[in-house]
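Visitor: I'll drop the sequence and a predicted model, then ask my questions.
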Amino acid sequence: MSDHAQFDIVIDSSGIQKEYLKDLYRYRELLYFFTWRDIIVRYKQTALGILWALFRPILNMSVFALVFGKIANLPSDGVNYPLFVLAAMLPWLLFAGCVIDTSNTLVNNAAMISKVYFPRMILPISNILVNFCDFIVTLLLLFILFLFSGALTTWTIVLLPIFISLNLILCLGISLWMAAVTVRFRDFRF
């Protein structure tokens, strides 16, 4: 027999997860500052400023409405076709923007990550919040357009916060995964 006894080391991972969630709460002000910093940087020295949040969806809506509404003549069941397209594209633009933008967050902030401790999840979350701010601006435009067109008349609009929350949860899950994978494989950053 050996003089060394064999021991199994068991680490309860639930405690680690709880501590990480507590750290996320403790560093919530850092999340606010990262989000605010990214919003300022995104629109700094641009002629249109926050209107860029409206420009991309409106440009996409115009192209889709022209191609699918006029050229392909696809039906929209009596709804104004550009509004129909914009309402359908907004959740996708939020998702795509979150996943694309957050895939580089850990790589772009590697110097800060290596020098200072903070929950690493804050960086992708702050980027998701920046994309969510753009989404809110465009969603307000969509509501205004729907009110002027008279198309906003159903009670199902109360389900919109649930749909947006589910979209954000999906964005968070895939974005965290993409940010982690991009650290190892730079192919995923595009």
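Guide: Structure's in. What do you need? Small disclaimer: the values here were computed from a predicted structure and weren't measured. Numbers count the residues shown, from 1 in each chain.
Visitor: CA atoms for contacts and neighbours, from now on please.
Guide: OK.
Visitor: Provide the secondary structure category for the nearest residue to Leu106 once chain neighbours are set aside.
Guide: Distances taken as C-alpha to C-alpha, 6 or more residues apart in numbering put Ala179 closest to Leu106, at 6.2 Å, once the chain neighbours are dropped. The three-state assignment at Ala179 reads helix, by DSSP: H, G, I helix; E, B strand; the rest coil.
Visitor: which of the residues in the helix or strand hosting Ile174 are buried?
Guide: Using DSSP states H and E, Ile174 maps to helix 160-184. Residues of helix 160-184 classed as buried by neighbour count (16 or more other C-alpha atoms under 10 Å): Leu168, Cys171, Leu172, Ile174, Ser175, Leu176, Met178, Ala179, Ala180, Val181, Thr182, Val183.
Visitor: If you average pLDDT per helix and strand, which one of this structure comes out bottom?
Guide: Least confident helix or strand, the chain: helix 13-26 with a mean of 76, by mean pLDDT, DSSP states H and E.
Visitor: Looking at the helix or strand following it now, give me its mean pLDDT.
Guide: Per DSSP H and E, the first helix or strand lying C-terminal to helix 13-26 is helix 28-43. The average pLDDT within helix 28-43 is 91.
Visitor: and stretch 102-112, C-alpha only, in PDB?
Guide: Extracted in PDB, the C-alpha atoms of stretch 102-112 (Å, rounded to 0.1, in the frame of the first residue of the first chain):
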ATOM      1  CA  THR A 102     -20.500  41.600 -27.900                       C
ATOM      2  CA  SER A 103     -18.400  39.000 -29.600                       C
ATOM      3  CA  ASN A 104     -15.400  41.300 -29.300                       C
ATOM      4  CA  THR A 105     -15.900  42.800 -25.900                       C
ATOM      5  CA  LEU A 106     -13.500  40.500 -23.900                       C
ATOM      6  CA  VAL A 107     -10.800  40.700 -26.600                       C
ATOM      7  CA  ASN A 108     -11.100  44.500 -26.900                       C
ATOM      8  CA  ASN A 109     -10.900  45.000 -23.200                       C
ATOM      9  CA  ALA A 110      -8.200  42.400 -22.500                       C
ATOM     10  CA  ALA A 111      -5.800  44.900 -21.000                       C
ATOM     11  CA  MET A 112      -8.300  46.100 -18.500                       C
END
